[in-house]
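Engineer: Quick one: sequence and predicted model below, then my questions.
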Amino acid sequence: PPQQSGSTVSITIQGDAPPVPPIDAGPPVGFSNPPIPATVVFEGFAYPNSLVTFVKNGAIIGNTISGSTGVFKKEAFITPDIVTFGVWARDDLGLNSQTTNVIISINPGTKTTISNIMVSPTIAADRYSPTQGEKMKVYGSAVPGSLVRVVNNYATGQTLPPIKVNSSGHWEYNISTLE
């Protein structure tokens, strides 16, 4: 996966947009042609062997399992429209990522590829009310080999180093609660 700060989604559209019909043209009253479907391909990176879920306008349209390196790909046939797609994943710890959303206009008969989707890391803690001075473990999942940055909002002077995600897609860090 690409090493970058922030995330960038790429969109590629293959095919021509349909011609704009003349204003007075249209099917006879009471008759309409069904829209020509479009193909949408989702490609990106999640956690190894995780369940990746794809949503269209709030409704689940499919799932796939990411590969052992976290790479996923899913193809769907879509009725053309302005659509909000969402992608999220569940890691092997049972934690869900945030949903990555893309709003796009899908044209009839086209193939649209939405690629470089980076599913956000998951995060949990071994305790939610630590006693001051105890170590608190935070952990989660992310794309293998990527870097996760943890920010301690209670200790603004405490700068934590980035954490490298292991090949299983897991990361963890023990935070000091002295401050």
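Structural biologist: Okay, I see it. Residues are numbered from 1 along each chain as shown.
Engineer: now the helix or strand of the chain with the lowest mean pLDDT, how far from the centre of its chain.
Structural biologist: In the chain, the helix or strand scored least confidently by mean pLDDT, DSSP states H and E is strand 10-14, which has a mean of 71. Relative to its chain's centre, strand 10-14 lies at 17 Å (CA atoms, centre = their mean, to the nearest Å).
Engineer: what about this protein, any weak spots by pLDDT?
Structural biologist: 1-8, 10, 15-32 (pLDDT under 70).
Engineer: mind running it again at 80?
Structural biologist: 1-35, 152-159, 178-179 (pLDDT under 80).
Engineer: how many other residues sit next to the nearest residue to Pro121 once chain neighbours are set aside?
Structural biologist: Closest residue in space to Pro121, ignoring its immediate chain neighbours: Ala142 at 3.8 Å, by CB to CB, 6 or more residues apart in numbering. (C-beta placed from N, C-alpha, C; glycine too.) Ala142 has 28 neighbours, counted by other CB atoms under 10 Å.
Engineer: Quick one: residues in contact with the longest strand anywhere in the chain.
Structural biologist: In the chain, taking DSSP state E as the definition, the longest strand is strand 81-90. Residues outside strand 81-90 that contact it (CB atoms under 8 Å, 6 or more residues apart in numbering) are 40, 42, 44, 46-47, 50-58, 66, 96-106, 114, 117, 119.
Engineer: pull the CA atoms of the helix or strand just after the least confident helix or strand of the chain into CSV?
Structural biologist: Counting by DSSP states H and E, the next helix or strand C-terminal to strand 10-14 is strand 38-45. Written as CSV, here are the backbone C-alpha positions of strand 38-45 (Å, rounded to 0.1, in the frame of the first residue of the first chain):
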residue,chain,number,x,y,z
ALA,A,38,-23.3,0.7,-14.7
THR,A,39,-20.4,-1.2,-13.2
VAL,A,40,-18.6,0.1,-10.1
VAL,A,41,-15.4,-1.5,-8.9
PHE,A,42,-14.1,-0.8,-5.4
GLU,A,43,-10.4,-1.4,-4.7
GLY,A,44,-8.4,-0.6,-1.6
PHE,A,45,-6.7,-1.6,1.6
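Engineer: which parts of strand 38-45 are buried?
Structural biologist: Residues of strand 38-45 classed as buried: Ala38, Thr39, Val40, Phe42, Glu43, Gly44, Phe45 (neighbour count, 16 or more other CB atoms under 10 Å).
Engineer: got it, and stretch 123-143?
Structural biologist: Neighbour-count burial for stretch 123-143 flags Met136, Val138, Tyr139, Gly140, Ser141, Ala142, Val143 (criterion: 16+ other CB under 10 Å).
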